[in-house]
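Trainee: Could you look at this predicted model? Sequence included:
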Amino acid sequence: MAKIYEKRGRWCVDYTGADGRRHRDLLPLGASRTLAKDILIKKQNEAIEMRHFPARAANSKLFGEVLTNYWELHGKNLESKSWWYELKEFEREFGKTKIGAIGSAEIQRYYNNAVAKNCAATANKKLTLLKSIFNKAKVFGYFYGDNPCNQVKKLVEVSQRRRYLSLDEIKRLLENAHPRLYPVVVCALMTGMRRGEILRLSWENIDWERGIIHIRKAKSGRAREIPIASKLREVLAGFPGERVGPTFKLPDIMLTRFFARALKAAAITDFVFHDLRHTFASHYLMRTHDLPALQSLLGHSTPLLTLRYAHLSRPHIQSGMALFEAGVARPEIMPQISAPGVYQGELVQ
């Protein structure tokens, strides 16, 4: 039975909440009996509303709580955890807001800022994840109503990035890399591994005898093996201490800071860490011409995905064209034409 009573000079509100549990809220010193009665009535009304109107109860949850439930019930069971960092960003943006108070205007504002800070492709990925969170919240009973993300139209994504490092840029980047960053960059350049794969790599997944790095959990969900290049083996062999646990004990935030400083010192612009994967793919294909092998190393399901990363340099394309021309444009195949419309002295009708 709901009641109010005085305890050590302070009023206490005793009631049963919508969850069926007994609650005792002790009011601060100086609060009057009248205020205590008003609070009790309000708590009783809230409990009644939440029991009879579940939508109001669900939509009153803080978005931060919804994110926690999303991770526990769905996210942590997925193979790829790369988007876990996005959840942290959502928590900073909407964590203290009730999920029912987040409308299309708030989502649109967040989306616009994401486009300005990153690009349309990145913003679209963030929006897709947000949409999934709201959809799952409806399934789990944490949200009622229309998904506010449905009203935000995605921008058309421009063509894929075509940025990779030249040999000179690779040299400058490594020369200016912090000692803790250097082995991480070498690993990215020599394997094409994703950022998350590198940071999750453990010594137990390195087979020294066979010279293989085992990627147990990749973005695609498929495991793969990557041969250890001699330069990478040399760098890894130089690590001090016992070889157990994480290989690169470098927090993600420190990696971001060190990488930004190295790029600035090396005078390298318009470049992000993921472009090191582009760099590996481009140089590998330029030197081996083996697309199936590259596809296997990158862990792609189709060659089309691999070609997105293999950006051939202009000199390489020009030299390839020269080889093509040497084989096809021989005189016995393509006779000399003296002028447009004239072939061996005769007018072409």
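Mentor: It's in. Since we're looking at a predicted model, the values are computed, not measured. Residues are numbered from 1 along each chain as shown.
Trainee: how close does Asn112 sit to Ile48?
Mentor: 40 Å (Cβ to Cβ, to the nearest Å). Heads up, the C-betas are built off the backbone N, CA and C, glycines and all.
Trainee: domain parsing for this structure?
Mentor: Taking automatic domain parsing as the criterion, the chain consists of the domains 3-52, 63-151, 167-307.
Trainee: can you redo those domains as TSV with distance to Ala322?
Mentor: Formatted as TSV, those follow (distance: least, Cβ to Cβ, whole Å):
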stretch	distance to Ala322
domain 3-52	76
domain 63-151	35
domain 167-307	15
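Trainee: Check the ones you listed for me: which has the lowest mean pLDDT.
Mentor: With a mean of 82, domain 3-52 has the lowest mean pLDDT of these.
Trainee: just how off-centre is it within its chain?
Mentor: Here domain 3-52 is found 45 Å from its chain centre; the criterion is Cα atoms, centre = their mean, to the nearest Å.
Trainee: repeat for stretch 107-116
Mentor: How far stretch 107-116 lies from its chain's middle: 17 Å, per Cα atoms, centre = their mean.
Trainee: Ok, stretch 110-125 next?
Mentor: How far stretch 110-125 lies from its chain's middle: 13 Å, per Cα atoms, centre = their mean.
Trainee: Between the two ends of that stretch, what distance do you get?
Mentor: 13 Å (Cα to Cα, to the nearest Å).
Trainee: residues making contact with it?
Mentor: Stretch 110-125 is contacted from outside by 83, 86, 93-94, 126-127, 130, 152, 154-158, using Cβ atoms under 8 Å, 6 or more residues apart in numbering.
Trainee: Apply 6 Å and report the result again.
Mentor: Glu93, Lys126, Leu127, Val152, Lys154, Leu155, Glu157 (Cβ atoms under 6 Å, 6 or more residues apart in numbering).
Trainee: Now do the buried residues in it.
Mentor: Going by neighbour count (16 or more other Cβ atoms under 10 Å), the buried part of stretch 110-125 is Tyr110, Tyr111, Ala114, Val115, Ala121, Ala123, Asn124, Lys125.
Trainee: May I ask which helix or strand encompasses the first one?
Mentor: Under the criterion of DSSP states H and E, Tyr110 resides in helix 104-117.
Trainee: Repeat that for the fifth one.
Mentor: In this structure, Ala121 sits in helix 120-140 according to DSSP H and E.
Trainee: What residues sit buried inside that helix?
Mentor: 121, 123-127, 129-134, 136-137.
Trainee: what about it, distance to the chain center?
Mentor: With Cα atoms, centre = their mean as the basis, helix 120-140 stands 13 Å off its chain's centre.
Trainee: Over to stretch 170-189?
Mentor: From the chain centre to the centre of stretch 170-189 is a distance of 22 Å (Cα atoms, centre = their mean).
Trainee: Quick check: end-to-end length of it?
Mentor: Distance between the two ends of stretch 170-189: 9 Å, counting by Cα to Cα.
Trainee: Give me the contacts around it.
Mentor: Ile198, Leu232, Val235, Phe248, Leu250, Phe258, Ala262, Ala265, Ala266, Leu276, Phe280.
Trainee: Of those - the most surrounded one?
Mentor: Top of these by neighbour number is Leu276, holding 28 neighbours under the definition other Cβ atoms under 10 Å.
Trainee: Against Leu174, how distant is that residue?
Mentor: 11 Å.
Trainee: quick revisit: now do the helix holding Ala121 against helix 104-117, angle only.
Mentor: 150 degrees (axes from the mean of the first three to the mean of the last three Cα atoms, to 10 degrees).
Trainee: What's the first helix or strand after helix 120-140?
Mentor: helix 167-175.
Trainee: for that following helix, which positions count as buried?
Mentor: For helix 167-175, by 16+ other Cβ under 10 Å, it's Glu169, Ile170, Arg172, Leu173.
Trainee: and the helix holding Tyr110, how far out from the chain's middle?
Mentor: For helix 104-117, the distance to the chain centre is 17 Å (Cα atoms, centre = their mean).
Trainee: Can you list phi and psi of Ile213 for me?
Mentor: Ile213 adopts backbone torsions of phi -100, psi 130, taken as degrees, to the nearest 10.
Trainee: Excluding chain neighbours, what is closest to Glu93?
Mentor: In this structure, Glu93 finds its nearest non-sequential neighbour in Tyr110, 5.9 Å apart by Cβ to Cβ, 6 or more residues apart in numbering.
Trainee: how far away is that neighbour from Leu127?
Mentor: Separation of Tyr110 from Leu127 (Cβ to Cβ) stands at 8 Å.
Trainee: what does Gly145 give?
Mentor: 18 Å.
Trainee: which element is the closest residue to Ala229 other than its chain neighbours on?
Mentor: Distance criterion Cβ to Cβ, 6+ apart; nearest residue to Ala229, sequence neighbours excluded, is Met190 at 4.3 Å. Using DSSP H and E, Met190 sits within helix 182-191.
Trainee: For the helix or strand that that helix is followed by, list the C-alpha coordinates in PDB.
Mentor: The element immediately downstream of helix 182-191 (helix or strand, assigned by DSSP H and E) is helix 195-200. Extracted C-alpha coordinates of helix 195-200, given in PDB (Å, rounded to 0.1, in the frame of the first residue of the first chain):
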ATOM      1  CA  ARG A 195      42.600  -1.800 -38.600                       C
ATOM      2  CA  GLY A 196      40.400  -3.900 -36.300                       C
ATOM      3  CA  GLU A 197      42.100  -7.100 -37.400                       C
ATOM      4  CA  ILE A 198      45.500  -5.700 -36.600                       C
ATOM      5  CA  LEU A 199      44.500  -4.400 -33.100                       C
ATOM      6  CA  ARG A 200      42.900  -7.800 -32.300                       C
END
